[in-house]
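1. Fold the following, please.
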Amino acid sequence: MTDTSIPRADESLEEGTAPVEANDDSDVEAEETGAEAGREKKAPADSDLFRQSEIAADYVEGLLDILDYDGDIDELVSGGRPVVEVVGGRLQSLVGQRGATLEALQELTRLAVFRQTGTPSRLLLDVGGYRATRRKELAAVARNAVEKVKEYGEPVRLEPMSAFERKCVHDVVNAMTGVESESEGVEPNRRIVVRPVD
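-> Predicted coordinates:
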């Protein structure tokens, strides 16, 4: 069985890594920087990443069993990070309002991986295709904000979003010319501002 106890105060989950976001958030999912004050970390091999996804899949499968939920679990490596996808009916409660439950489950799953490997994980957990659907919605929000900025020449402040949601918006905005985006505020009210480039 996987040990999911909380690390003691003297244990570091991030081991010298700090959360960052693109533009002031370079990898907006509040992920590890991969480098620390002049010391570069080696990127994990695909075999290590796949091992993380296997550990995570086992952990999620155990949770589904406890909750008496049915779901098919796929583990893979995508975009240089381990990914676990859960598909099936009756899984919406695992996503929660605006993905809040999914974010919490992802953190628990990352902790389970950390407990077994001793390495912080950038694991991405998706349930019922929520993240893919939300990415499309956020791309539309980002394009709409960019259109308003270009039309009126004024900054547009978006509603508060999770780190995952902000990353999706930053990615779309950063691919467009004449505009830039940055995050402002403090969690859970951190939001994106899209503004014209000077």
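2. got the contact list for the residue lying farthest from the centre of the chain?
-> In the chain, the greatest distance from the average C-alpha position (Cα atoms, centre = their mean) is reached by residue 152, at 31.8 Å. By Cβ atoms under 8 Å, 6 or more residues apart in numbering, the contact list for residue 152 is empty. C-betas here are computed from N, CA, C, even on glycine.
3. Just the local confidence number for it, please.
-> Residue 152 is assigned 93 on the pLDDT scale.
4. and it, what are its phi and psi?
-> phi -100, psi -10 (degrees, to the nearest 10).
5. again, but for residue 76
-> Per degrees, to the nearest 10, the backbone of residue 76 is at phi -160, psi 180.
6. How many neighbouring residues does residue 78 have?
-> 11 (other Cβ atoms under 10 Å).
7. now stretch 157-171: mean pLDDT?
-> 93.
8. okay, it in PDB with CA atoms only?
-> Provided in PDB are the C-alpha atoms of stretch 157-171 (Å, rounded to 0.1, in the frame of the first residue of the first chain):
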ATOM      1  CA  ARG A 157      -8.200  41.600 -16.200                       C
ATOM      2  CA  LEU A 158      -9.500  38.100 -16.200                       C
ATOM      3  CA  GLU A 159     -11.300  36.300 -13.300                       C
ATOM      4  CA  PRO A 160      -9.200  34.500 -10.700                       C
ATOM      5  CA  MET A 161      -7.900  31.100 -12.000                       C
ATOM      6  CA  SER A 162      -6.000  28.100 -10.800                       C
ATOM      7  CA  ALA A 163      -2.400  27.700 -11.900                       C
ATOM      8  CA  PHE A 164      -3.400  25.200 -14.500                       C
ATOM      9  CA  GLU A 165      -5.900  27.600 -16.000                       C
ATOM     10  CA  ARG A 166      -3.500  30.500 -16.000                       C
ATOM     11  CA  LYS A 167      -0.900  28.400 -17.800                       C
ATOM     12  CA  CYS A 168      -3.500  27.600 -20.500                       C
ATOM     13  CA  VAL A 169      -4.300  31.300 -21.000                       C
ATOM     14  CA  HIS A 170      -0.600  32.400 -20.900                       C
ATOM     15  CA  ASP A 171       0.200  29.800 -23.600                       C
END
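9. what separates it from the chain centre, distance-wise?
-> 11 Å (Cα atoms, centre = their mean, to the nearest Å).
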